[in-house]
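Peer 1: Sequence and computational prediction follow.
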Amino acid sequence: MESVMAYRQRIEELRSEARALWDALGDLDKAFAREAERLRRHDQAQCLDGLKERVTQEITEIHYTESSASCSFTEGKLIGGLIKFAGGAAIAAVSHSKEYSLSVGAKLAQDEFARTKPFGTVAVAVGPGGVPDDVQVIAISKLARNQSLPESAIRTAVEAKGYRLMTQESFFNTLDKLKDSILKGTQSLPAIKPVSVLSQASPSSHAGANE
């Protein structure tokens, strides 16, 4: 009789140990899930850091080329204005124009000096695919010069394709807020409309004269 009671007691002990192990496995599974989620959020936050670095590099490169292009344009205007001044004055003198030859040259040079083109306007465009996959850096001024259009027309064309144009500062503020939300677990990537701060913003110009 005692052996039967001991056997039953042992069975209950084994059952109790099994339940404890099962509960421990459940807790361990939950711990693994929490850690996996933490690592996922951390990876997504690092992805945003990488995106910020890429955008910064692209904008820096564009600003450099825009600055060079602006200097070349200004230099070209100066040389062209001097040539027109000298040529206009010489033609007026040879043709015995009633108008003072230097005045004729000055008018031609003034027209050349008044010539303007846009330089330095850069925007970050966030497309329908959201952050981080559908983000582009747009050289607004360069496109305007190449297509002989005002910058406003370039912005309108980009926005018509479903892109939101943002300044570098506005975009980086958006990324910082999005990163904070991801680390808190309230948002994840891809972010189509991250924390409702992907509002449209007009890009600013850094160099040169804009149309």
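Peer 2: Thanks, I have it. Residues are numbered from 1 along each chain as shown.
Peer 1: Pick out the least confidently modelled helix or strand of the chain, by mean pLDDT.
Peer 2: Lowest on mean pLDDT, DSSP states H and E among the helices and strands of the chain sits helix 101-113, with a mean of 66.
Peer 1: Just give me the neighbour total for the closest residue to Gln168 other than its chain neighbours.
Peer 2: In space, and not counting its chain neighbours, Gln168 is closest to Ile59: 5.7 Å by C-beta to C-beta, 6 or more residues apart in numbering. (C-beta placed from N, C-alpha, C; glycine too.) Neighbourhood size, Ile59 [other C-beta atoms under 10 Å]: 18.
Peer 1: Gln136 in helix, strand or coil?
Peer 2: Gln136 carries the three-state label strand when classified by DSSP: H, G, I helix; E, B strand; the rest coil.
Peer 1: Residue ranges in the chain under the pLDDT threshold?
Peer 2: By pLDDT under 70, the weakly predicted segments of the chain are 1-2, 4, 7, 81, 85, 88-106, 108-109, 112, 193-211.
Peer 1: Counting residues, name the longest helix you see in it.
Peer 2: Longest helix in the chain, counting residues (DSSP state H): helix 2-94.
Peer 1: which other helices and strands contact that one?
Peer 2: Here helix 2-94 touches helix 101-113, strand 122-126, strand 135-139, helix 140-147, helix 168-184, going by 3 or more C-beta pairs under 8 Å, 6 or more residues apart in numbering; DSSP states H and E.
Peer 1: Turn these into JSON lines, columns for mean neighbour count and distance to Gly80.
Peer 2: Shown next, in JSON lines, are the helices and strands packed on helix 2-94 (neighbours: other C-beta atoms under 10 Å; distance: least, C-beta to C-beta, whole Å):
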{"stretch": "helix 101-113", "mean neighbour count": "17", "distance to Gly80": "5"}
{"stretch": "strand 122-126", "mean neighbour count": "24", "distance to Gly80": "27"}
{"stretch": "strand 135-139", "mean neighbour count": "18", "distance to Gly80": "25"}
{"stretch": "helix 140-147", "mean neighbour count": "19", "distance to Gly80": "17"}
{"stretch": "helix 168-184", "mean neighbour count": "18", "distance to Gly80": "33"}
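Peer 1: Among those, which comes closest to Asp29?
Peer 2: Closest to Asp29 of the helices and strands packed on helix 2-94, according to C-beta to C-beta: helix 168-184, at 23.3 Å.
Peer 1: so Glu151 makes contact with Pro118?
Peer 2: Yes - at 5.3 Å, Glu151 and Pro118 qualify as touching, with contact defined as C-beta atoms under 8 Å.
Peer 1: quick one, which of those two is more surrounded?
Peer 2: Between Glu151 and Pro118, counting by other C-beta under 10 Å, Pro118 is the more crowded of the two (23 against 20).
Peer 1: Tell me the secondary structure of that one, please.
Peer 2: With three-state DSSP as the basis, Pro118 sits in coil.
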